[in-house]
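Undergrad: Provided below are the primary sequence and the corresponding predicted coordinates.
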Amino acid sequence: MTMHPRAVEEPRSELEGPIPNESELTSGTLIEPGKRYGFFTDTTLCIGCKACEVACKEWNQLPAEDMTLSGMSYDNTVRLSATTWRHVTFVEHMEHGGETRPTDLPGFQSQWLMMSDVCKHCANAPCLEACPTGAIFRTEFDTVVVQQDICNGCGYCVPACPFGVVEVDELDGKAHKCTLCYDRLKGGLEPACAKSCPTDSIQFGELDELDRKARNRVEDLHARGVVDAYLYGAPDGPGSTGGLERLNAFFLLVDRPEIYNLPTAPTRPSERIPAAFGTGLAAMAGLAAAAFAIFAGSQRR
Amino acid sequence: MNERLNPPAPQTPRPLDRPYAGETYYDRPALKPAPWEWLVGAYIATAGLSGGAQLLAAIFQRADRQGSRGVVRNARFLALGGSVAGGVLLIADLRTPKRFYNMMRIFRSTSPMSIGTYILLSFSGATAATAAGEILRGRGRIGRIAEATADIAQIPAALTGAGLGTYTAALLSATSTPFWAAGPAHLGANFASSSIATSAAALSIGERIGGRHDTADRLDAVAAIATGAHVAVSALSDRHYDDEEVGDVMRETAAGRRRQTADLIVGGALPLAAYAAYRLTRRRSPALAVLASAAIIAGGFLSRDATMRTGERSAERPRDYFRFAQAEHLPERHRRDRAMTDRQRSPR
């Protein structure tokens, strides 16, 4: 990566305070309210170091959870939760179906699938559409955040999420999920996970820019023989189906989404309201008419 | 030399070449179940019963003003108790109950929980006005004004009552929980017919206690028709869930089996048989009719609770969700998405 021109202005190793617009230096993105930001996670670059999990826990002061071994390869975090907002998944593929491989190495760990799962910050976020108090809102950076001073723990966002991300915490009775480091964005810093990622697997930036980079990366991988690479959560693709439109945090995957614990064709739940409500009211009307006939009819006896 | 593949845009990903074969991530759930306790299932049944009662009362009033006096009175008090109980159940289920009033910060039309908040509020207000008419009946001028107001308020009480009995189906359907999301129309018809059946049964018991067997018989007939409709909807729903590939949870979990028992036996075959026996013996033993009514109400509560639990189980079963979240189950309006997610459906 070429050095940003502003990097020469900041030669010190110890800083007294935050660098203004630090995200320009660390991610090449100037953070401005009114633009749309998100993550492009290129899982072919992930080395499974979990720096993202640690950085997220540290910045957001999230507690540790159950610390036993899960038996799921190197994934002992197991799931996203109210206090885990980044979760790295590990799938130990040894072979890759005898396809052309990008290297001459024997198939071993070079075929492992590793993905850093996170809140998708959907364009038509079901959690936001379900929230009856208005606690979940869309920020000026086009991210989805739960306001902790409004949430009353009704829990409706939890089953609404098609990716099983948001959860209500037992101890404090409110819903929690990734904020895309809203507080850092306001201070001109890129999110903690993206900043700490050593391979730039997690890339933070403006959506148009990320879409462009992602499409180029997929073409590049296809040209190099990794023909299974595709985007999950980009517009017009798996993960953005059924009215969700797109996911602000989208991924480059190389196998079926279900293997990464993602649905291939999720749907926008609020689109089901007219069918349920309409059919219910129609059934009510039909039974009401029958009731009227019975109540009126018996009179003439 | 690099041979660039010629990508026609947009292209279906190669891993989606083959149909979904049941792969999961270490059998881990892909969703989270709703964190609701038994309170929400009890609320849904209570709301359906109260709302249906006010609707039936309004209809009965129009059809037979004199004969409906007892039913209308019972319905108004039943609905009053139900709306208070419903509010208590909902507030108790919040994980931060002291902030219950935040439900009234906004109105969000994409959230059935928000819609329902206002339906419940309007229903409670209208019901309170109708109950005031019953309480102040015969108390001179105030009584006459209250009675007139009550009769006017009966209409919004009936309309919001119909909403109360059905919006809860939208509440469950507008989630990603596979068992709830797979059949929104079926769930709507299910909850509506259960609402009418349970409220007619409850009002019928009230008439039997009051010695008005003629009106009780009419309510029993309504309850029987609604129960028959409910059994039919349940049978159709079970078939539909299998078509959508989320039906295994009905057979493989205790909650799923309880739901079928509640819908088909406790709130289905049992009351219909008891009612048939009552009619065939020429109405000689009202106890049979009361048994039928009690079974309908019990079945309604058991069914709602079991529907909640079955849904929560289905959210924890990754294969149920992944099978449902495939291209072929996308609604018609998202037909275009099918090509993007299933190579077999791709136009090329």
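TA: Nice, I can see it. Predicted model, so just to flag it, every value in this text is computed and none were measured.
Undergrad: Assign a three-state SS to the residue positioned nearest the centre of chain A, would you?
TA: Chain A has residue A:120 as the residue nearest its centroid, 2.1 Å off, counting by Cα atoms, centre = their mean. Taken by DSSP: H, G, I helix; E, B strand; the rest coil, the conformation at residue A:120 corresponds to coil.
Undergrad: Isn't it up against residue A:165?
TA: Yes. With contact defined as Cβ atoms under 8 Å, residue A:120 reaches residue A:165; the gap is 7.0 Å. No exception for glycine: its C-beta is placed from N, CA and C like everyone else's.
Undergrad: Relative to residue A:177, how far out is the residue nearest to the centre of chain A?
TA: Computed as Cβ to Cβ, to the nearest Å, the residue A:120 to residue A:177 distance reads 10 Å.
Undergrad: Give me the common contacts of these two.
TA: Taking Cβ atoms under 8 Å, 6 or more residues apart in numbering or on different chains as the criterion, residue A:120 and residue A:177 both touch residue A:165.
Undergrad: For the stretch 1-150 of chain B, which residue gets nearest to chain A?
TA: Closest to chain A within the stretch 1-150 of chain B is residue B:95: 2.8 Å, counting by Cβ to the nearest Cβ.
Undergrad: just the helices in the stretch 201-301 of chain A please.
TA: Assigned by DSSP state H, counting those that start in this stretch, the stretch 201-301 of chain A shows helices spanning A:207-223, A:273-297.
Undergrad: Show me the one of those that comes nearest residue A:130.
TA: helix A:273-297 (10.6 Å; Cβ to Cβ).
Undergrad: quick one: the closest one to chain centroid distance?
TA: Distance, stretch centre to chain centre, for helix A:273-297: 42 Å (Cα atoms, centre = their mean, to the nearest Å).
Undergrad: and that helix, what does it pack onto?
TA: helix B:38-63, helix B:112-135, helix B:140-173, helix B:184-209, helix B:213-243 (3 or more Cβ pairs under 8 Å, 6 or more residues apart in numbering or on different chains; DSSP states H and E).
Undergrad: try 7 Å this time
TA: When contacts are defined as 3 or more Cβ pairs under 7 Å, 6 or more residues apart in numbering or on different chains; DSSP states H and E, helix A:273-297 packs onto helix B:38-63, helix B:140-173, helix B:184-209, helix B:213-243.
Undergrad: in what helix or strand does residue A:151 lie?
TA: For residue A:151, there is no enclosing helix or strand under DSSP states H and E.
Undergrad: Report how many residues lie close to it.
TA: 26 (other Cβ atoms under 10 Å in any protein chain shown).
Undergrad: what's near enough to touch it?
TA: When contacts are counted by Cβ atoms under 7 Å, 6 or more residues apart in numbering or on different chains, residue A:151 is found next to A:133, A:135, A:174, A:175, B:96.
Undergrad: Most neighbours out of those residues, which is it?
TA: Of the contacts of residue A:151, residue A:175 is surrounded by the most neighbours, 29 neighbours in total, counting by other Cβ under 10 Å.
Undergrad: pretty sure that residue contacts residue A:146?
TA: Yes. Here residue A:175 reaches residue A:146: they are 5.2 Å apart, a contact under Cβ atoms under 7 Å.
Undergrad: Around residue A:92, how many other residues sit close by?
TA: Look at residue A:92: counted by other Cβ under 10 Å, it has 13 neighbours.
Undergrad: what residues does stretch A:112-125 touch?
TA: A:38-39, A:41, A:43, A:46, A:48, A:52, A:80, A:85-93, A:143-144, A:163, A:165, A:177-178, A:180, A:201-202, A:233, A:243-249, A:251, A:254-255, A:259-260, A:268.
Undergrad: for the residue of the stretch 201-348 of chain B at minimum distance from chain A, phi and psi?
TA: When scored by Cβ to the nearest Cβ, the stretch 201-348 of chain B has residue B:325 as its residue closest to chain A, at 3.5 Å. When quoted as degrees, to the nearest 10, the phi and psi of residue B:325 stand at phi -90, psi 50.
Undergrad: so who does it touch?
TA: Residue B:325 neighbours (Cβ under 7 Å, 6+ apart): A:263, A:264, A:265, A:266.
Undergrad: mind running it again at 8 Å?
TA: By Cβ under 8 Å, 6+ apart, residue B:325 lies in contact with A:162, A:263, A:264, A:265, A:266, A:267, B:178.
Undergrad: The second one and residue B:308: what is the separation?
TA: In other words, residue A:263. 22 Å.
Undergrad: The two: which has the busier surroundings?
TA: Each of residue A:263 and residue B:308 has its neighbours counted (other Cβ under 10 Å); residue A:263 has more, 29 against 26.
Undergrad: in chain A, which spans are strands?
TA: Taking DSSP state E as the test, the strands found in chain A are A:37-42, A:86-91, A:113-118, A:136-138, A:144-146, A:167-168, A:175-176, A:202-206, A:230-232, A:249-253.
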